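Novice: Sharing a model that was predicted from the sequence below.
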Amino acid sequence: MELHIATLTLVLLVGLALAFDFMNGFHDAANSIATIVSTGVLKPHQAVVWAAFFNFVAIWLFEMKVAATIGKGIVMPSVVDQYVIFGALTGAIVWNLITWYYGIPSSSSHALIGGLMGATMAKAGTGPLVGSGIAKVAVFIVVSPVLGFVLGAALIILVSWICMRQSTRRVDRWFRRMQLASSALYSIGHGTNDAQKTMGIIWLLLISAGATTTDHLPGWVIVSCFAAIALGTLFGGWRIVKTMGQRITKLKPVGGFAAETGGAMTLFIASGFGIPVSTTHTITGAIVGVGSAQRARGVNWGIAGGIVVAWIVTIPASAAMAAAAWWLGTKLF
C-alpha cells in the first residue's frame, strides 16, 4: 500500500513539474514572439507556432548542463524530498500566475530557483544551499540583461552602419526575412535554457525517490520537458506580449532582428556554460539596448524600471510562497 502511495505521489509531482514547464512556455511566450509580432513580420498565431517548433528543436542542439546545475547545483540533493519539490513548484507557479495576470514579464526561471531555495530553507535552513551555484545565478541576474543590452545595441549600430546607403524600404524588406531566422535562434535558446530547468527539478525528484542517480537523466524526462514548454509557447501569454513588444520601445524589423540575435547569443553562451538565466531578463535587456542605441528617449524607462523591480522581487517572493507551500504540504500529505 505504501509503495502505491509513493508511486502515485511521484507521478503527481512529475505532473506538477510538467505543468510548471507548460506555464513557463505560456508565460514566456512573449519573450520569443513579442518582437516578431510587434514588427508585423508574423501574425500572433503564426508566431507562436514558429516559436514552439524551435523550442522543441533545441532538444538536439545542447548538452544538459543547465539541468545538471538545477538538479545538483542549487541545493544538496540529499535534503530534497517530495515536500520540498511540492513547495518549490507551487511557489513558482503561484508567482507566475500573479505576474501573468498583471502582465509583468518576470522570470519563470528565477521563480523556480527561488521556490527551490525557499522550500529547502523551510525544511532545513540555509545549510543545504549550494553557494557556488546560487552565486552563478545571482551574477547572471545582472550579466544576462547587460550582455543582451550590449549585444543588441552593438548589432543595431553595426547593421545601421552597413545599411546606411540603402533605402528604408529595402532594409525593411531584408530584415523582415532575416527576423524569421533571428526569432528562430532566440526560440532555440529559450527552449534549451528553460526546459532544462524543469528537467533539473524532475531529476531531483527522481533522485530523492531512488528512481535514478545523479549521473543519469532519463530520456523520457528530456523529451517530456521540451514538449511541455513547446506546448506552453503554442498557447501563448498574450498579456505580456504587449509589454515586451510595444510598451518598452517601438521596434522595426531591423531592431527586432538585432534584439533577438543579441538575446539568442546571450542564451547560447549561458547554456553552454550550464548557467540557468532568465530569458525574460535577456530579451528585455536586448530590446532596451536596441531602443537606446537608436534613440534613448525612444525607450519607456518607466516601464523598464517597473520590470527591473519585478526581477528583484521574484526570488524572495517565490521563496516565501514556496516555504508556505512546503509547510502546507507537510500538513496535508
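Specialist: Great, that's in hand. Just so it is clear, the model here is predicted, and its values are computed rather than measured.
Novice: how about A319, what does it touch?
Specialist: By Cβ atoms under 8 Å, 6 or more residues apart in numbering, the residues touching A319 are 91, 114-115, 117-118, 121. In short, each C-beta sits where N, CA and C put it, glycine included.
Novice: where's it relative to H110, distance?
Specialist: Distance of A319 to H110, computed by Cβ to Cβ, to the nearest Å: 10 Å.
Novice: Over to V75?
Specialist: 15 Å.
Novice: Kindly report the same for I70.
Specialist: Applying Cβ to Cβ, the value for I70 to H110 is 12 Å.
Novice: Compare these two (neighbour count), which wins?
Specialist: Using other Cβ atoms under 10 Å as the criterion, I70 and H110 rank with H110 on top: 29 against 26.
Novice: pLDDT wise, what is the more buried one at?
Specialist: On the pLDDT scale, H110 is placed at 85.
Novice: Now the element after the helix or strand where it lies, going C-ward?
Specialist: If you go by DSSP states H and E, H110 is part of helix 108-124. From helix 108-124 onward toward the C-terminus, using DSSP H and E, the following helix or strand is helix 131-162.
Novice: Buried residues of that following helix, list them for me.
Specialist: Across helix 131-162, burial judged by 16 or more other Cβ atoms under 10 Å covers 133-134, 136-137, 140-141, 143-153, 155-156, 159.
Novice: same check, this time on stretch 168-182
Specialist: For stretch 168-182, the neighbour count (16+ other Cβ under 10 Å) marks 171, 174-176, 178-180, 182 as buried.
Novice: Ok, stretch 265-279 next?
Specialist: By neighbour count on 16+ other Cβ under 10 Å, the buried set for stretch 265-279 is 265-271, 274-279.
Novice: Next, the distance between the ends of that stretch.
Specialist: With Cα to Cα, to the nearest Å as the measure, stretch 265-279 spans 11 Å from end to end.
Novice: Other residues contacting it?
Specialist: 28, 31, 62, 65-66, 68-70, 73, 107-110, 113, 136-137, 140-141, 143-145, 147-148, 151, 186, 189-190, 192-194, 196-197, 200, 263, 282, 285-286, 311.
Novice: any idea of the mean pLDDT in it?
Specialist: Taken as a whole, stretch 265-279 carries a mean pLDDT of 86.
Novice: re the thing from before, can the contacts of A319 go into JSON lines with extra columns for neighbour count and pLDDT?
Specialist: Supplementary listing: those in JSON lines, determined by neighbours: other Cβ atoms under 10 Å; pLDDT from 0 to 100:
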{"residue": "G91", "neighbour count": "29", "pLDDT": "93"}
{"residue": "G114", "neighbour count": "26", "pLDDT": "92"}
{"residue": "G115", "neighbour count": "34", "pLDDT": "92"}
{"residue": "M117", "neighbour count": "26", "pLDDT": "94"}
{"residue": "G118", "neighbour count": "27", "pLDDT": "95"}
{"residue": "M121", "neighbour count": "19", "pLDDT": "95"}
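Novice: G329: which of these is nearest?
Specialist: Among the contacts of A319, G91 lies closest to G329 (Cβ to Cβ), at 10.8 Å.
Novice: and P253, what does it touch?
Specialist: Shown in contact with P253 (Cβ under 8 Å, 6+ apart): 39-41, 172, 175-176, 178-179.
Novice: can you give me the helices for the protein?
Specialist: Listed in chain order, the helices of the chain (DSSP state H) span 2-38, 44-57, 65-72, 82-101, 108-124, 131-162, 168-208, 219-235, 238-242, 253-272, 279-294, 301-332.
Novice: got any ranges where the stretch 101-250 of the chain has weak pLDDT?
Specialist: For the stretch 101-250 of the chain, residues meeting the criterion pLDDT under 70 lie at 105, 236-250.
Novice: what about C163, how many neighbours?
Specialist: 15.
Novice: Distance-wise, check it relative to R176.
Specialist: Between C163 and R176 the computed distance is 13 Å (Cβ to Cβ).
Novice: thinking again about what came up before, would a markdown table of the buried residues of stretch 265-279 with distance to S292 be doable?
Specialist: Converted to a markdown table, the buried residues of stretch 265-279 look like this (distance: Cβ to Cβ, whole Å):
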| residue | distance to S292 |
| --- | --- |
| M265 | 18 |
| T266 | 16 |
| L267 | 20 |
| F268 | 23 |
| I269 | 21 |
| A270 | 22 |
| S271 | 26 |
| G274 | 30 |
| I275 | 25 |
| P276 | 27 |
| V277 | 21 |
| S278 | 20 |
| T279 | 20 |
